[in-house]
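Trainee: No letters, just coordinates:
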C-alpha cells in the first residue's frame, strides 16, 4: 500500500499536465486590462477628434459671417450635426462663447463649463455673439460615460458624481466684419 501511494505521488510530481494554468491565471487579467484600455482609448480618441473637427467647421462658418445669424442653439446643432459619433449630443454638449478684449486683456475662466447631469435645469453660463473684428473664444464640453469605468484607462479618467467624463474643445476666432 505504501509503495502504491509513493508511486502515485512520484508520478504526480513528475507530471507536467496543467503546468500552464498558473501562468495563464496570472497573466490573463493583465492582457484583458490592456485590451479594454485600448478600446477605451480608441473610443475617447474618436469622440475627441469628431468634436474638434465639428467645432472647427462650425467656427469657420461663424467666422466667415455668411449672413447667417448664429444663436446658441444653432451653433450647438451644427456642432452636433458635424459630430455624428457623439450620442445624445444636444443634451450632453455645453457651449460657452465669450468676447475677449485684446486691449484690456483678462484671461478667460480656466475651467470649462460642462453639463451637470445631476441638475434638471442647466442655464447658459455665458454666450455672447461677437461683432465685427472682435476676438471670440468658443469652448465646447461634451460629457460621456466611459465604456469600462472600473478597469484600465476608464478608471483613470476624471468623472463626475454620475460617472460621466468630459471632452473639452476650444476655438478662438476673430469675427469678420459684415
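Mentor: The structure has been received and is ready for your questions. Being a predicted model, the structure only gives us computed values, none of them experimental. Numbering: from 1, shown residues only.
Trainee: What are the buried residues along stretch 37-54?
Mentor: 37, 40, 43-44, 47, 50-52, 54 (16 or more other CB atoms under 10 Å). Every residue, glycine included, has its C-beta placed from N, CA and C.
Trainee: which other helices and strands contact the longest helix along the chain?
Mentor: Counting by DSSP state H, the longest helix found in the chain is helix 21-64. In terms of contacts (3 or more CB pairs under 8 Å, 6 or more residues apart in numbering; DSSP states H and E), helix 21-64 is packed against helix 72-82, strand 135-144, helix 152-156, strand 165-174.
Trainee: by how many degrees do the last one and helix 21-64 diverge?
Mentor: Going back to what we said before, that points to strand 165-174. Interaxial angle, strand 165-174 versus helix 21-64 (axes from the mean of the first three to the mean of the last three CA atoms, to 10 degrees): 30 degrees.
Trainee: Tell me how far strand 165-174 lies from the chain's centre.
Mentor: On the basis of CA atoms, centre = their mean, to the nearest Å, strand 165-174 sits 12 Å off its chain's mean C-alpha point.
Trainee: So which bits of the worst-scoring helix or strand of the chain on mean pLDDT are buried?
Mentor: Ranked by mean pLDDT, DSSP states H and E, the weakest helix or strand in the chain is helix 2-14, scoring a mean of 77. Neighbour counts over helix 2-14 (16+ other CB under 10 Å) mark no residue as buried.
Trainee: State the distance from residue 78 to residue 170.
Mentor: Taking CB to CB, to the nearest Å as the measure, residue 78 falls 17 Å from residue 170.
Trainee: the more surrounded of the two?
Mentor: The residue with more neighbours, out of residue 78 and residue 170, is residue 78; 19 against 14, by other CB atoms under 10 Å.
Trainee: quick one, what contacts that one?
Mentor: With contacts defined as CB atoms under 8 Å, 6 or more residues apart in numbering, the neighbours of residue 78 are 54, 57-58, 61.
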